[in-house]
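> Dropping the sequence and predicted coords here.
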Amino acid sequence: MTLFSSLLSKVAIKDKENSTHIKHPKKKHPQGSSRYTLRQSLKNKLAAGTVLRDSVKCPENEDENEWIAMLVIESYNNMINSYEFIQQFCTDQTCPQMNGAKAVYYWTEGKGKPQELPAHQYIDKLTNWINEQIDNPDIFPVGGSNFSKTFKANVSKIISRMLRVYAHIYYAHWEHIKTLNVDGHVNTLLKHLQYFAEEFGLIGEKDKSVMKHVFDTL
C-alpha cells in the first residue's frame, strides 16, 4: 500500500476491472529493509501533521541516498495511482500521441529511431523502464552496498520521465480527474514529487518548465 493509498482507494473508477489496459504493479519495500523503515518514518511524519514540504526532508543521521531511493519508489507508486484514475480514458483514439501542454514525447530505445506512440503505450513502456531502473542493483543497491556516483543523475532522469506522465494527465485528462473528484488527491501526489525533487536538487529548470503552469497553481 502506497503512501497516499488511503486517499486514493476512496475513489473507484467505474468498470476499471474491464479495462484492456496493462495493470502496472506497485513496488514494495521488503519488510525489515532500511527503505521499509524509512518509509515508516515518512508515514509517521505525515501522521503527526508534518507539512508536505518538510516531510520529504531526510531525517537526521539517516543515509540521504537511501532516503532518496525510498522516495523514488513512493513517487513511482503515486504516479501509477494517478494514472490509473484515467487509464480507461487514455486510448489509441483519444490520445494518439504522448503529449503535454507544450510537447509531444517520442519513445526511444537504445540507438533506435524515436517512435511516436499512443500515450498509453508510451506510459506502459515508461513504467517498465522505471521498474528496470529500480530493480537494477547497480542503480538502487541493496543489502548495504554503496550507491554509485551517478545515482542522483539517474534519479533525476527517472523524475523527469515521471513528470511527463503527470503532464499528460493534466493536459489531456484533467476534466476526467475533476469528474472523478480526485483532483485534490492528484495535486497532492504531484506536489509531493515536486517538493522531493526540489529538496535534493533533482529537477532542472528545463524539466520544471514541463509542469510550470501546474506548479504555479499548486
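Now that the structure is in, tell me what you want to look at. Only a predicted model underlies this, so the values are computations on that prediction, with no experimental measurement involved.
> ok, which stretches of this structure are strands?
98-99, 104-105 (DSSP state E).
> Tell me which of the ones you listed sits most buried.
The highest mean neighbour count among the strands of the chain, using mean count of other Cβ atoms under 10 Å, belongs to strand 98-99: a mean of 22. Any C-beta I mention is one placed from the backbone N, CA and C, and that applies to glycine too.
> which intervals of this protein have sub-threshold pLDDT?
For the chain, the stretches with pLDDT under 70 are 1-22.
> Contact partners for Ser148?
Asp138, Ile139, Pro141, Asn154 (Cβ atoms under 8 Å, 6 or more residues apart in numbering).
> With Phe140 instead?
Per Cβ under 8 Å, 6+ apart, neighbours of Phe140: Ala69, Val72, Gln133, Ile134.
> Report how many residues lie close to the first one.
Ala69 is surrounded by 23 other residues when neighbours are defined as other Cβ atoms under 10 Å.
> May I ask which two of the contacts of Phe140 are separated the most?
Pairwise distances across the contacts of Phe140 peak at 10.8 Å for Ala69 and Gln133 (criterion: Cβ to Cβ).
> could you dump the strands of the chain to a markdown table with distance to Asn65?
Shown next, in a markdown table, are the strands of the chain (distance: least, Cβ to Cβ, whole Å):
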| stretch | distance to Asn65 |
| --- | --- |
| strand 98-99 | 31 |
| strand 104-105 | 28 |
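> and Val182, which of those strands is closest to it?
Using Cβ to Cβ, the strands of the chain put strand 98-99 closest to Val182, at 21.6 Å.
> So for stretch 36-50, what gets flagged as buried?
For stretch 36-50, a neighbour-count test (16 or more other Cβ atoms under 10 Å) marks Leu38, Arg39, Leu42, Lys45 as buried.
> For that stretch, C-alpha coordinates in CSV please.
What follows is stretch 36-50, C-alpha atoms only, in CSV (Å, rounded to 0.1, in the frame of the first residue of the first chain):
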residue,chain,number,x,y,z
TYR,A,36,10.9,-0.1,4.7
THR,A,37,12.0,1.6,8.0
LEU,A,38,12.5,4.9,6.3
ARG,A,39,9.0,4.7,4.7
GLN,A,40,7.6,4.1,8.1
SER,A,41,9.4,7.3,9.2
LEU,A,42,7.8,9.2,6.3
LYS,A,43,4.3,7.9,7.2
ASN,A,44,4.9,8.9,10.9
LYS,A,45,5.9,12.4,9.8
LEU,A,46,2.7,12.8,7.8
ALA,A,47,0.5,11.2,10.5
ALA,A,48,1.9,13.7,13.0
GLY,A,49,0.9,16.6,10.8
THR,A,50,4.2,17.5,9.2
